[in-house]
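> Sequence first, then the predicted structure, then my questions.
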Amino acid sequence: MEPPHSLSEVDTFLATCKAVQSAAITIHRRFNSQWNARQPFERLPDEIIHEILQDVLADGTRRPGYTRRPPAYFASQQALRRISSRWNHIILSSAQFWSTLCCTDAPRNRFKMALEKSRNAGLHVICRPSDHCAYFVDRMLEESHRWVSLDILYSEPWKAGLSMDHPMPRLSLIRINARDETLSGFPAEHSLAIVTLILVRGLDWNKTLFTRLRALELTGGHPWPRAGKLLEIVAANPHLERLVFMEMDILPSRNNRGDMDSNVFRVPAPNLRYISFPMGCTPSLVIDFLSHLILQPTTAIRITSYARAGLNIARETDSLWGYIAERIQQLPDTCSVAIRAFGGVDLACPPTNPIIKVDFTWWYYSRSREQGLQDLVNKLGPLFQGERELRLIPLSWSPPQYRTPMAVGLWGRSLPQLTRLTVPNELWALELLATAQEDGGWSYPSMQRLGVLGGGWQPKLVELVENRRRDANVKTIETVVLEDVKVDQKDLDALRKVVNEVVVM
């Protein structure tokens with residue numbers, strides 16, 4: 001085993017040791033049914049310690065479907081080998097611990113050792129700028145048939161490597177940071193892959209074949225494909241699950257939309273589960289693009305937009321809320337709609353993925369917060385029929401004055417037909433629901449099922465139920481749901497005396 005070469009490797013050793021504890025806790029939960037939780041760590045079976053060590057060596061950057069490998073993988077691996085002879089044996093005897101290769105390790109003995117010990121295992125190839133890139137690329141291209149993941153900062157040695165037709169039948173994760181350069185090529189033969197392209201300054205999107213994609217993530221750079229080309233990519237990839245755009249402009253301007261208008265067909269996207277648009281996008285143009293996709297009702301969509309000169313706020317909000325209403329209408333009435341209101345709106349339909357997430361600052365500029373919330377309830381109000389539940393959820397990090405009280409109060413009189421409501425377990429929310437307004441009317445007069453979320457027991461809840469039961473002008477609350485509320489048995493008993501059903505979650 002090689003000794004540490006620098007203080008940074010000593011730091012890596014210490015950090016790796018600390019990571020073992022958190023990884024062990026995670027794996028313990030996963031395998032809790034297979035071993036006694038009070039058993040000493042060293043008495044765990046080899047296969048469980050193997051899982052724990054694998055988890056430690058991941059860099060913590062997890063996305064749906066994959067975990068990126070850190071460039072300092074071998075430094076961490078060696079730190080683990082020094083902890084005990086048993087750990088050393090487990091690592092030495094498993095090809096999985098030797099399958100992550102980084103160009104910075106190329107001149108060291110552990111690089112040759114890894115090539116030998118990884119045998120026929122799939123390889124995770126990482127390349128960062130170094131004096132050893134040319135040798136590393138040549139050596140890795142000889143093993144391209146074993147590549148499982150490719151994570152590189154684009155450099156001269158890769159220009160020829162990516163343009164050559166090397167077979168890569170196992171390659172399922174491709175992450176290329178072009179650093180504002182033009183990509184000379186792209187792997188043509190790969191498995192069903194997650195592809196991330198960053199700061200690409202040039203790529204012939206008409207000639208580059210993008211097929212067998214599981215996810216496509218584009219960040220920065222220019223020019224990116226126009227909307228029409230993106231629709232073609234979606235059509236050519238029926239297994240596509242994620243489509244993410246960051247720090248870029250993918251959509252045509254309102255005066256130059258020919259490439260999208262020519263696509264009068266709608267593209268099926270049966271497996272697309274998540275779409276995220278870049279900050280500053282124009283909602284109406286995003287919705288024009290989305291209207292060309294046939295999405296599942298549970299597809300998650302994230303839109304981030306800001307007020308700016310020349311943006312017609314009324315038109316944009318009308319377009320946005322109208323599209324959200326159409327999406328929610330596709331779900332059964334039993335799916336609730338959760339709204340977080342602080343600087344934006346997060347709409348979700350548990351237990352499915354979020355329906356749509358909207359972050360914007362319009363209410364701070366040309367529209368007030370009240371106007372924004374009223375626009376939203378005007379569009380979504382008719383959807384709350386039957387058993388559709390409205391969940392008004394606070395953002396725990398937001399200042400108290402912004403924790404949705406305005407939404408709770410404003411919507412109370414706008415949704416007289418609502419039968420199911422969940423609010424934060426805070427005194428201001430319960431007081432609003434516990435008493436009639438100055439004109440004698442009640443907030444949410446048809447409510448029969450009330451949920452309260454988080455916090456400790458609030459005696460006000462019993463008073464709320466009793467007050468609404470005594471007034472013939474308001475429906476009686478039949479069910480109270482306590483979600484993550486700390487409550488004693490005596491308080492539960494008191495609540496059960498005034499309501500037919502109490503559900504504790």
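Looks like it arrived, so ask away. Residues are numbered from 1 along each chain as shown.
> going forward, measure contacts between C-alpha atoms and count neighbours the same way
Fine.
> Low-confidence ranges, the stretch 251-400 of the chain, go.
Along the stretch 251-400 of the chain, the parts satisfying pLDDT under 70 run over 251-264, 306-309, 340-370, 372, 394-400.
> got any ranges where the stretch 401-505 of the chain has weak pLDDT?
401-407, 440.
> could you pull out the strands for it?
All strands of the stretch 401-505 of the chain, identified by DSSP state E, counting those that start in this stretch, fall at 420-424, 449-453, 479-483, 501-504.
> Is it possible to get TSV of these that adds mean neighbour count and distance to Cys102?
Shown next, in TSV, are the strands of the stretch 401-505 of the chain (neighbours: other C-alpha atoms under 10 Å; distance: least, C-alpha to C-alpha, whole Å):
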stretch	mean neighbour count	distance to Cys102
strand 420-424	23	49
strand 449-453	22	47
strand 479-483	20	47
strand 501-504	15	51
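> Let me have the ones you listed in JSON lines, adding distance to Leu311 as columns.
Shown next, in JSON lines, are the strands of the stretch 401-505 of the chain (distance: least, C-alpha to C-alpha, whole Å):
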{"stretch": "strand 420-424", "distance to Leu311": "34"}
{"stretch": "strand 449-453", "distance to Leu311": "37"}
{"stretch": "strand 479-483", "distance to Leu311": "41"}
{"stretch": "strand 501-504", "distance to Leu311": "46"}
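> Tell me which of those approaches Arg110 most closely.
Closest to Arg110 of the strands of the stretch 401-505 of the chain, according to C-alpha to C-alpha: strand 479-483, at 52.2 Å.
> if we look at that closest one, which residues are touching it?
With contact meaning C-alpha atoms under 8 Å, 6 or more residues apart in numbering, strand 479-483 is reached by 448-454, 499-505.
> is it true that Val125 lies in a helix?
No. Using DSSP: H, G, I helix; E, B strand; the rest coil, the secondary structure at Val125 is strand, not a helix.
> which residue packs closest to Gly456, ignoring adjacent ones?
Lys486 (4.7 Å; C-alpha to C-alpha, 6 or more residues apart in numbering).
> Same check on Val499?
Glu478 (5.7 Å).
> one step back: pipe the contacts of strand 479-483 into a markdown table and attach distance to Gly441 per row.
Formatted as a markdown table, the contacts of strand 479-483 follow (distance: C-alpha to C-alpha, whole Å):
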| residue | distance to Gly441 |
| --- | --- |
| Gln448 | 16 |
| Arg449 | 19 |
| Leu450 | 18 |
| Gly451 | 21 |
| Val452 | 22 |
| Leu453 | 25 |
| Gly454 | 28 |
| Val499 | 22 |
| Asn500 | 24 |
| Glu501 | 25 |
| Val502 | 26 |
| Val503 | 28 |
| Val504 | 30 |
| Met505 | 31 |
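> what's the straight distance from one end of stretch 481-489 to the other?
The first and final residues of stretch 481-489 sit 15 Å from each other (C-alpha to C-alpha, to the nearest Å).
> oh, I was asking about stretch 463-479
Terminal residues of stretch 463-479 are spaced 15 Å apart (C-alpha to C-alpha).
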